[in-house]
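**Q** Model the structure of this input:
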Amino acid sequence: MGPRLFLAFALLLAAPAGAAAQCLLCGPDGGATGLAARKPEAPLRVEVETQLDMGRVAAGAMGGEVELDPLSGARRLRGDVVDLGGFAVTGTVTVTGEPGAAVRVILPTSVDLESGRGRSARVSGLVTDLGAAPRLGPDGRLRFRFGGRLQIAGLDDGDYRGRIPVMVEYQ
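**A** Purely as a prediction, here's the structure:
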């Protein structure tokens, strides 16, 4: 039996789970603990510009995975998976807030997707193209891309969708 059609056309909507300012140098009473701490005044805002889309693939009996690299945008197929075309797109997020402020971007370890027929698939290994210490630019904006790995069960098919919560905090 040949591979069955699997639409990894899983548009993963990166909805902000919350964007909160956090003062790491403040004591329990809210006062600074000895270091001069300036709490950012502008609230953080997270906006999804592009949703993550793994494209279209067919999975054979052994299943496999589709990986989307946020740095290059390259899509890699592993296992018993065949490319059926489509346009794979990394997720793109813009964060706005206090100009020059250091931020921390938090993505979940994995996200479960569901098809309209009740089946599920999992995206794991979510990563961004950010460096080790991301900061908002002089204009108060930071734009980044993210990708991950879609794990496909053998002979599974469907159009899978889900949400990836993106949380951003001031450092």
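**Q** what's the distance between the most centrally placed residue in the chain and residue 64?
**A** With distances taken as Cα atoms, centre = their mean, the residue of the chain nearest its centroid is residue 146 (4.7 Å). According to Cβ to Cβ, to the nearest Å, residue 146 stands 21 Å off from residue 64. For the C-beta atoms, the positions are set from N, CA and C on the backbone; glycine is no exception.
**Q** go on, residue 110?
**A** From residue 110 to residue 64 the distance is 17 Å (Cβ to Cβ).
**Q** ditto for residue 142
**A** Taken as Cβ to Cβ, the span from residue 142 to residue 64 is 34 Å.
**Q** what's the burial count for the closest residue to residue 124 other than its chain neighbours?
**A** Counting by Cβ to Cβ, 6 or more residues apart in numbering, residue 124 lies nearest to residue 110, which is 4.0 Å off, once chain neighbours are set aside. Using other Cβ atoms under 10 Å, residue 110 is surrounded by 14 other residues.
**Q** wait, residue 110 sits on residue 122?
**A** Yes: taking Cβ atoms under 8 Å as the definition, residue 110 is a contact partner of residue 122 at 5.5 Å.
**Q** Tell me which residues of stretch 61-81 come out buried.
**A** 63, 64, 65, 66, 67, 68, 69, 70, 75, 77, 80, 81 (16 or more other Cβ atoms under 10 Å).
**Q** quick one on the thing from earlier: give me the element the residue nearest to the centre of the chain is part of.
**A** Residue 146 is located in strand 141-152, with elements delineated by DSSP states H and E.
**Q** and the next helix or strand after that strand, which strands flank it?
**A** Using DSSP H and E, the helix or strand that follows strand 141-152 in sequence is strand 162-163. Each strand paired with strand 162-163, and its direction, by DSSP bridges: strand 12-13 (parallel).
**Q** Can you find the helix or strand of this structure with the lowest average pLDDT?
**A** One helix or strand of the chain scores below all others by mean pLDDT, DSSP states H and E: strand 4-6, with a mean of 30.
**Q** beta partners for the residue nearest to residue 141 when sequence neighbours are not counted?
**A** Distance criterion Cβ to Cβ, 6+ apart; nearest residue to residue 141, sequence neighbours excluded, is residue 96 at 5.2 Å. Counting by DSSP bridges, residue 96 is bridged to residue 45, residue 141.
**Q** and if you look at residue 104?
**A** residue 169.
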